[in-house]
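> Provided below are the primary sequence and the corresponding predicted coordinates.
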Amino acid sequence: MSTTTDVRSAAQPSSLATSAAFRTFATVVAVTAPVIYVICEMQNWPLFTYHPGTNRFDWLYAPAVKDQGPAMYWYGWTVVMLIGSAVLGLLATLLPERTAKRIPLALVWIVPLASVPVLIYALRFFWRW
Amino acid sequence: MGLVPDFILDWIDVSTFWTILMIVHGLLAVALLGAITHQAMSVLAPVRQMADGGIVTRFRAVQGAGYAAAVCVLWVVVFFFGAWIYTKYRMYVRIPIETQGFWKTQGVFELKEHLASIGLGLLPIYWLLWKDARNPEFASARKWLTVLIAAMVWYMFLTGHIVNNVRGFGS
């Protein structure tokens, strides 16, 4: 018996999976999300700040309040990434299909992989001996 | 104390709530780890001859496409629970870790949270590449994106264990 295991799905692809617009959207989201996230992390640009000690939210960046615990920005960075990449993905669907298909699919794994060493560098504060 | 809905505290105490949430988060992470590891093995070392394969052969002889939706759903759910637990972690785990000077432990956890967020952005294309698995144009991107996501899940899983060992249950 000869098989290849990675593509043995008997099911037909759904209409969404064969949609050119969704392919463009998903490709652009995958490429832009890591870039937006890295920028937000390194520049500290959250959409909102959460203060876990008091369960308070502030818009954009807000420093920790004295004697009220730390401030959390990760939620705010993640939301910026999701909104930003979704908007860019939707805008990309307006491109002619021929142009959109020129975006190399390899970027969907190369860009997130390349973002890892940048993030490790951004965390250099923690790599002390 | 982190984000805990008041009505839940009518039934269980705070400590029990976080313990349940942490265990559910961990169990779902195990399911995600298993699914993505099967799938990554199926693209890295696809089975050509099933014949009398042993356990390793059977492990990688799965229908990778059948895991795609489950991986996407599990990623989102595990992310949601992790993000919820993070409200507690920031106050009651990270501060003691920093006080004790475990900087590298905190650093690897920070990278875990970054990977979890970036992974959210990869899910739509990951799903697409597997749902149209017969498209030969997708083969290379599907293979390497799956391997990358598997590596991210393994890193996050092991980091979660390390942090739990440093200051988790019972601390």
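Alright, I've got the coordinates.

> ranges for the helices of chain B?
B:14-44, B:55-60, B:68-92, B:94-99, B:103-131, B:139-167 (DSSP state H).

> sorry, slip of the keys, the one I care about is chain A.
A:20-43, A:74-92, A:97-100, A:107-122.

> show me which residues of stretch A:118-129 are buried.
Within stretch A:118-129, the residues scored as buried using 16 or more other CB atoms under 10 Å in any protein chain shown are A:V118, A:L119, A:I120, A:L123, A:F126. For glycine as for every other residue, the C-beta is placed from the backbone atoms N, C-alpha and C.

> count of neighbours near B:I162?
Per other CB atoms under 10 Å in any protein chain shown, the neighbour tally for B:I162 reads 15.

> what's the separation between it and chain A?
14 Å (CB to the nearest CB, to the nearest Å).

> contacts for stretch B:24-38 next, please.
With CB atoms under 8 Å, 6 or more residues apart in numbering or on different chains as the test, stretch B:24-38 has contacts from B:59-60, B:62, B:64, B:67, B:70-71, B:74-75, B:77-78, B:81-82, B:85, B:146, B:149-150, B:153-154, B:156-157, B:160.

> at 6 Å instead, please
B:62, B:67, B:70-71, B:74, B:77-78, B:81-82, B:149-150, B:153, B:157 (CB atoms under 6 Å, 6 or more residues apart in numbering or on different chains).

> now which of the residues you listed would you call buried?
Buried among those (16+ other CB under 10 Å): B:V62, B:Y67, B:V71, B:L74, B:V77, B:V78, B:F81, B:G82, B:I149, B:A150, B:V153, B:F157.

> filter the buried residues of stretch A:118-129 by proximity to chain B?
A:L119, A:L123, A:F126 (CB under 6 Å from any CB of the partner chain).

> for chain B, state which of these is nearest.
Chain B lies nearest to A:F126 out of those, by CB to the nearest CB, at 2.8 Å.

> how near is A:V116 to B:I85?
Distance from A:V116 to B:I85, counting by CB to CB, to the nearest Å: 23 Å.

> what of B:A29?
With CB to CB as the criterion, B:A29 and B:I85 are 11 Å apart.

> low-confidence ranges, chain B, go.
B:1-2, B:49-52, B:169-171 (pLDDT under 70).

> how about the residues of it by chain A?
Going by CB under 6 Å from any CB, the residues of chain B near chain A are B:42-43, B:46-47, B:50, B:61, B:63-65, B:87, B:90-91, B:103, B:106-107, B:110, B:113-114, B:117-118, B:121-122, B:124-125, B:128, B:131-134, B:141, B:144-145, B:148.

> low pLDDT regions in chain A?
A:1-14, A:129.

> OK, contacts around B:N135?
Contacts of B:N135 (CB under 6 Å, 6+ apart): none.

> how close does A:L90 get to chain B?
Distance from A:L90 to chain B, by CB to the nearest CB: 12 Å.

> just to revisit the earlier point, pick the most deeply packed of the helices of chain A.
Most buried of the helices of chain A by mean neighbour count (mean count of other CB atoms under 10 Å in any protein chain shown) is helix A:20-43; its value is a mean of 22.

> I'm done for today, thanks for sticking with me.
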